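Student: sequence? don't have it. structure:
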């Protein structure tokens, strides 16, 4: 069964460092999303992406964040200068043209020290 | 306001019990109502979704939406220890009139089914 994969599973970084979180969406999906979940809180939307451009972004997704589809399979989230409050689980999701069902990856746990 | 509210529990029931999980939402424009299951430190897994008001059944799971009261429910019959997880309700937003919008999640209800 096709699934969304994410790497790394856990990333530890120091405050102010740049991190890149990677996702491989389901192969025939065209719409991609990033969400995050701070421990004990709701899963929150960050950004959606289609046809090599951002479709929608939340107020969380400020200039420190960027997304890219560098090739035909990967989808990345970059945080330019990490802050302590960026510590969270980051989930990638994808969906096909129907759009209703978003499939999530296992997540990357980001710890900023 | 596009908030989704959900009692975080925890909820603990014996095996075989009927479980009722509930959410409320504030935005009457929502049309798609999703239930995700999340095991500890894993990604949300889509269980089922409902369009507009009404019921939808899938095996032991029944999703119910009452748009008049903005109330969403998930019922689990004959609950099993393997059902132990956090259950997240979510509403699907629209994007330019399509169903490609963001998900608005509740906090999740932690369920434990003990043998």
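Tutor: Arrived safely. Quick caveat: nothing in here was measured; it's all calculated off a predicted structure.
Student: Quick check: the gap between residue A:74 and chain B.
Tutor: Distance of residue A:74 to chain B, given as CB to the nearest CB, to the nearest Å: 17 Å. For the C-beta atoms, the positions are set from N, CA and C on the backbone; glycine is no exception.
Student: Show the pLDDT at that residue.
Tutor: Here, the pLDDT recorded for residue A:74 equals 94.
Student: And for residue A:64?
Tutor: 96.
Student: So what's the residue count around the closest residue to it other than its chain neighbours?
Tutor: Residue nearest to residue A:64 in three dimensions, not counting chain neighbours: residue A:80, with 4.9 Å by CB to CB, 6 or more residues apart in numbering or on different chains. Number of residues near residue A:80 (other CB atoms under 10 Å in any protein chain shown) recorded here: 13.
Student: per-residue pLDDT, the most centrally placed residue in chain A?
Tutor: Centroid check for chain A by CA atoms, centre = their mean gives residue A:34 as the closest residue, at 3.4 Å. Residue A:34 is assigned a predicted lDDT (pLDDT) of 98.
Student: I would like the residues contacting the helix or strand it falls within, please.
Tutor: Assessed by DSSP states H and E, residue A:34 sits inside strand A:31-37. Strand A:31-37 is touched from outside by A:23, A:25, A:43-50, A:55, A:60, A:67, A:69, A:75, A:77, A:88-96, A:99, A:102, A:104, A:107, B:100, B:102-103, with contacts defined as CB atoms under 8 Å, 6 or more residues apart in numbering or on different chains.
Student: For PyMOL, what selects the buried ones among those residues?
Tutor: Buried residues among these (16 or more other CB atoms under 10 Å in any protein chain shown), as a PyMOL selection:
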select buried, (chain A and resi 23+25+43+44+45+46+47+48+49+50+55+67+69+75+77+88+89+90+91+92+93+94+95+96+99+102+104+107) or (chain B and resi 100+102+103)
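Student: what about chain B, any weak spots by pLDDT?
Tutor: Along chain B, segments meeting pLDDT under 70 span B:1-2.
Student: Got the phi and psi for residue B:39?
Tutor: phi -80, psi 160 (degrees, to the nearest 10).
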